[in-house]
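Colleague: Kindly generate the corresponding structure for this input.
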Amino acid sequence: MARRERTFSDKFFLFIKGLAMGAANKVPGVSGGTVSFVLGFYEELIYSFKKINYKAFLLLINGRFKSFYKYVNGTFLLLVIGGSVFSYFSVSLVLDYLLTNYELYVWSSFFGMILGSIFYISKDFNDWRAKNVVLMIMGMVLGIAISFMNPAKENDNLWFVFICGIIGVSGMTLPGLSGSFILILMGNYVLLLVDSVTMLYKTLSEILILNFSFIDNVERIRYLKIIATFAGGSAFGLVFISHILGFVLKRWHHLVTATIIGFITGSLGIVWPWKKEVYKVVNGNFVYDVNGDKVIQNFSRYFPDFAQKETWIAVFFILVGAAIILLLDKYGTERKEYIDE
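Modeller: Take a look at the predicted model:
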């Protein structure tokens, strides 16, 4: 269908939404896909990635750049992806600080946001036939099962890293599925979203001052190969998964929505605010297990003690998180179905 020209305000807020999605993608347990779903641009995101196909390739190699840009909804993709990438070097750094210093309250806010998201998505869902309810329950069970899996060991094999890119990027396209948490389960969260991103940032900083000494640094080149492979897998995964989702959304919209509602509900176990650390990162230094392998944060969950003041503060932040989503529902833009042309 024809779409009106985006105003500067539209573009600005689309970039901000991309920031939010990028920040969510980096936090284990939080899904960027959920953010895009709640903020009203999920289906446009899927169908825009779906436009990266053979026809788009022909337009590109024939030099029809303007037609290519319009065909793939270029303005939308640049703003959303640009916001997500920028977030990794800005908003997500703030989140890292908050998670280090105010962990309980940050997780409480996320927990409240997901609760609000479930209400937000469910209130317009009016097809409660048995098959939809069954898929909702299956999505919930799968989400809960994933939240209790144990992490694997780190693996820097480039083929495995490429697969991590495909699976890890799923958090952008599948609401309720945290790509970062999946990377934890695959053992490569620290390698791909901490170490490699840090090395990339350091390399780009050196290039800006025309310092190319990193070329002779074997360890740096190793990390750059890893991040490039991960980025390639992510790009492939975005297009591949989006084609599948575009197909199923167009034909079984209510079935997909029911599964998403269930899956987001099941993911609440991942962001449960009250956790006890089993092992962790201390002052930026990774803790190693008895075999000498690098480990990342892991938690066991517990029921809060309501006699403690911090528990009630955490409950307050849960309410704040839910209120943010409900305010978006009241004052934000309405979710509109994006029709594939």
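
Colleague: Residue ranges in the stretch 201-341 of the chain under the pLDDT threshold?
Modeller: Along the stretch 201-341 of the chain, segments meeting pLDDT under 70 span 276-301, 328-341.

Colleague: Pretty sure residue 272 sits in a helix.
Modeller: No: under DSSP: H, G, I helix; E, B strand; the rest coil, residue 272 sits outside any helix and is assigned coil.

Colleague: Phi, psi for it please.
Modeller: Dihedral pair for residue 272: phi -50, psi 120, per degrees, to the nearest 10.

Colleague: pretty sure it contacts residue 104?
Modeller: No: the criterion here is CB atoms under 8 Å, and residue 272 misses it with residue 104 at 10.8 Å. Bear in mind the C-beta positions are built from the backbone N, C-alpha and C, glycine included.

Colleague: can you give me the helices in the stretch 101-250 of the chain?
Modeller: Under the criterion DSSP state H, counting those that start in this stretch, helices of the stretch 101-250 of the chain are mapped to 103-122, 130-147, 158-168, 170-173, 179-185, 189-190, 196-208, 218-251.

Colleague: what's the angle from whichever helix or strand comes after the longest one to helix 218-251?
Modeller: Taking DSSP states H and E as the definition, the helix or strand that follows helix 218-251 towards the C-terminus is helix 253-266. Angular relation of helix 253-266 and helix 218-251 on a 0 to 180 degree scale: 130 degrees, by axes from the mean of the first three to the mean of the last three CA atoms, to 10 degrees.

Colleague: Just the buried positions in helix 253-266, please.
Modeller: For helix 253-266, burial by neighbour count (16 or more other CB atoms under 10 Å) applies to 255-266.

Colleague: who touches that helix?
Modeller: For helix 253-266, contacts defined as CB atoms under 8 Å, 6 or more residues apart in numbering pick out 31, 34, 37, 114, 117-118, 121-122, 125, 127, 131-133, 135-147, 174-177, 245, 248-249, 337.

Colleague: Can you flag the buried ones in these?
Modeller: 31, 34, 37, 114, 117-118, 121, 132, 135-136, 139-140, 142-144, 146-147, 174-177, 245, 249.

Colleague: distance of residue 60 from residue 240?
Modeller: 18 Å (CB to CB, to the nearest Å).

Colleague: returning to what we had before: what would the helices of the stretch 101-250 of the chain look like in JSON lines with distance to residue 18?
Modeller: Converted to JSON lines, those look like this (distance: least, CB to CB, whole Å):
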{"stretch": "helix 103-122", "distance to residue 18": "17"}
{"stretch": "helix 130-147", "distance to residue 18": "25"}
{"stretch": "helix 158-168", "distance to residue 18": "18"}
{"stretch": "helix 170-173", "distance to residue 18": "10"}
{"stretch": "helix 179-185", "distance to residue 18": "15"}
{"stretch": "helix 189-190", "distance to residue 18": "22"}
{"stretch": "helix 196-208", "distance to residue 18": "17"}
{"stretch": "helix 218-251", "distance to residue 18": "14"}
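
Colleague: Buried deepest among these, which one?
Modeller: helix 170-173 (a mean of 26; mean count of other CB atoms under 10 Å).

Colleague: Name the surrounding residues that touch it.
Modeller: With CB under 8 Å, 6+ apart as the criterion, helix 170-173 contacts 21, 24-25, 31-33, 36, 45-46, 49, 84, 177-182, 237-238, 241-242, 245.

Colleague: ok, now with 7 Å
Modeller: Contact with helix 170-173 is made by 21, 25, 31-33, 46, 177-180, 182, 237-238, 241-242, 245, as judged by CB atoms under 7 Å, 6 or more residues apart in numbering.

Colleague: can you check stretch 155-163 too?
Modeller: By CB under 7 Å, 6+ apart, the list of residues contacting stretch 155-163 reads 187-188, 191, 225-226, 229-230, 232-233.

Colleague: from those, which is closest to residue 77?
Modeller: Top of the list for closeness to residue 77, among those and by CB to CB, is residue 232 at 17.3 Å.

Colleague: what's the most distant pair in the contacts of stretch 155-163?
Modeller: Within the contacts of stretch 155-163, two members stand farthest from each other by CB to CB: 187 and 232, at 19.6 Å.

Colleague: Give the rounded mean pLDDT of stretch 59-78.
Modeller: What stretch 59-78 shows for mean pLDDT is 88.

Colleague: Can you say which of the helices of the stretch 101-250 of the chain is nearest to residue 323?
Modeller: Taking CB to CB, helix 103-122 is the member of those nearest to residue 323, at 7.3 Å.

Colleague: Please name the nearest non-neighbouring residue to residue 226.
Modeller: residue 196 (5.1 Å; CB to CB, 6 or more residues apart in numbering).

Colleague: Repeat that for residue 121.
Modeller: residue 261 (5.6 Å).

Colleague: From residue 114, how far out is the one you found?
Modeller: For residue 261 relative to residue 114 (CB to CB), the value is 11 Å.

Colleague: Kindly report the same for residue 198.
Modeller: On the measure of CB to CB, residue 198 and residue 114 end up 28 Å apart.

Colleague: On the three-state scheme, the residue of the chain most remote from its centre is what?
Modeller: Distance from the C-alpha centroid of the chain peaks at residue 307, with 34.8 Å (CA atoms, centre = their mean). Secondary structure, three-state DSSP: residue 307 is coil.
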